[in-house]
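> no FASTA, just this:
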C-alpha cells in the first residue's frame, strides 16, 4: 500500500513520537505547514480505514499508532521506485542517489560495510 505524501507526514510523526491523539499529530504537523485540525482528523480516519493506522478507543479522544513500520513503507516505496523509474535496476537507483553528492562520509562508510556484508569476496 502506497501512502500519499500527507499520509507519510502523519506516519512520520507517529513513528517518531509513538501513539498520539489527533491533536498531538496536528500540533506536530503545523510546525512545518498550515493544516486544519479537521483535515488532520479526516486524513487519520481514512488512514485507519485503509489499514495504515490502528486506533485505540479507550478514552474520550482516540489514540492512533502506525500499523506499518517505517522500514515496511520504505521497502514498498523503494521497490515501486526501482520498478517504475529505473526499470527494475537497483544499481541505477543507487548510482543516481550517490551521484547527487549528498551522502556524508559516514553514510558512504555504512554503504561500503553493507556491500562487504552482501559480497565479502568482492
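Perfect, I can see it now. Only a predicted model underlies this, so the values are computations on that prediction, with no experimental measurement involved.
> Quick one: list the elements packing against the host helix or strand of residue 64.
In the assignment (DSSP states H and E), residue 64 maps to strand 63-66. Packing contacts for strand 63-66, counted by 3 or more Cβ pairs under 8 Å, 6 or more residues apart in numbering; DSSP states H and E, involve helix 5-17, strand 20-21, helix 37-50, strand 53-56. The way it works is simple: take the backbone N, C-alpha and C, and place the C-beta from them, glycine included.
> Now tabulate those in TSV and tack on distance to residue 115, mean pLDDT and mean neighbour count.
Converted to TSV, the helices and strands packed on strand 63-66 look like this (distance: least, Cβ to Cβ, whole Å; pLDDT from 0 to 100; neighbours: other Cβ atoms under 10 Å):
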stretch	distance to residue 115	mean pLDDT	mean neighbour count
helix 5-17	27	96	17
strand 20-21	38	96	18
helix 37-50	36	96	16
strand 53-56	36	95	16
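> Could I get these in JSON lines, plus columns for distance to residue 82?
As requested, the helices and strands packed on strand 63-66 are arranged in JSON lines below (distance: least, Cβ to Cβ, whole Å):
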{"stretch": "helix 5-17", "distance to residue 82": "18"}
{"stretch": "strand 20-21", "distance to residue 82": "32"}
{"stretch": "helix 37-50", "distance to residue 82": "23"}
{"stretch": "strand 53-56", "distance to residue 82": "27"}
